[in-house]
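*Asks:* Predicted coordinates and the sequence they were generated for:
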Amino acid sequence: MTFTEYENKRVVVTGCSSGIGLAVANALVNQGAEVIGMSRRAPDLNLAEFHRLDLASVKSIESAAVRFDGPVDALFNCAGAPPILPSIELVKVNFLGPRLLTQYLLERMGAGAAIANVSSSVACGWRAHLDLLGEFTTTGSFEDGVAWYEKNEGIAGHGYPFSKEAVNLWTLQQSTALISRGIRINSSSPGAVQTPLMEVSEKAFPPALLAATEYPSGRRSSPEEQVQPLLFLNSSEASYVNGADLAVDGGYWASRSVEGSGSLW
């Protein structure tokens, strides 16, 4: 499926140098979008603009957000960090950084704009932690969020699933606030995806643990298989889809739901 409406639209894609972000940016370039890419390193793509971005740094986020002019029609928050990093870094890169960048870019977004956040199937149990997550997602600033997690890491748990669970709840919270401005926000939750981040994880985690994330499909997704769901969420084809989390995981969440086994984490 090709969403021709992206032609000449101004879109921001974070994490555009590899994995899902690279696949999304490439698809949008091919569809004629004006793609503003943001990541630690530049991809080999014909982007309209590229700005270096470190989502663990407030200074970097603020700098990237103000380096370009004009409106933003769609934002794809695809950047993320692998679970081998220290938990506080995961919380910064996977949630606090994207939250701050989105807050800046919302100033450039008007009615009809849309945001798609990439979460993860490991966050499938987020509804069981609403009170704790609610405290975290409503912290006032990046620094407040860091301080909260450092204080509560013992009960919040590992930074990877917790940060992705925060993405899910925050998406719902923002969907209620932003729709009055005509801006939609949704998330997708990929399962096991064969990306450079997965290759890093393969060196750090037991094969059995990673294999479990491929259940029940028995395989990993390619980055390209994650693209069309994300493009759909930010397109007018999804004009009445708001505050949703789309599982793109080969049935992982469905299987864990019906079997009652909870999260691997």
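*Replies:* Done, it's in. Residues are numbered from 1 along each chain as shown.

*Asks:* can you map out the strands along the protein?
*Replies:* Assigned by DSSP state E, the strands in the chain fall at 10-14, 34-39, 49-52, 74-77, 114-118, 184-190, 245-248.

*Asks:* okay if I get those as a markdown table plus mean pLDDT, distance to residue 146 and mean neighbour count?
*Replies:* Every residue, glycine included, has its C-beta placed from N, CA and C. Below are the strands of the chain laid out as a markdown table (pLDDT from 0 to 100; distance: least, C-beta to C-beta, whole Å; neighbours: other C-beta atoms under 10 Å):
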| stretch | mean pLDDT | distance to residue 146 | mean neighbour count |
| --- | --- | --- | --- |
| strand 10-14 | 98 | 19 | 27 |
| strand 34-39 | 98 | 21 | 26 |
| strand 49-52 | 98 | 21 | 18 |
| strand 74-77 | 98 | 19 | 28 |
| strand 114-118 | 98 | 20 | 26 |
| strand 184-190 | 97 | 22 | 26 |
| strand 245-248 | 94 | 25 | 20 |
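
*Asks:* now the ones you listed as TSV including distance to residue 132?
*Replies:* Compiled in TSV, these are given as follows (distance: least, C-beta to C-beta, whole Å):
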stretch	distance to residue 132
strand 10-14	26
strand 34-39	30
strand 49-52	33
strand 74-77	22
strand 114-118	20
strand 184-190	19
strand 245-248	18
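
*Asks:* which helices and strands does the longest helix seen in the chain pack with?
*Replies:* Counting residues, the longest helix found in the chain (DSSP state H) is helix 159-178. Counting contacts by 3 or more C-beta pairs under 8 Å, 6 or more residues apart in numbering; DSSP states H and E, helix 159-178 packs against helix 87-91, helix 97-105, strand 114-118, helix 130-137, helix 142-156, strand 184-190.
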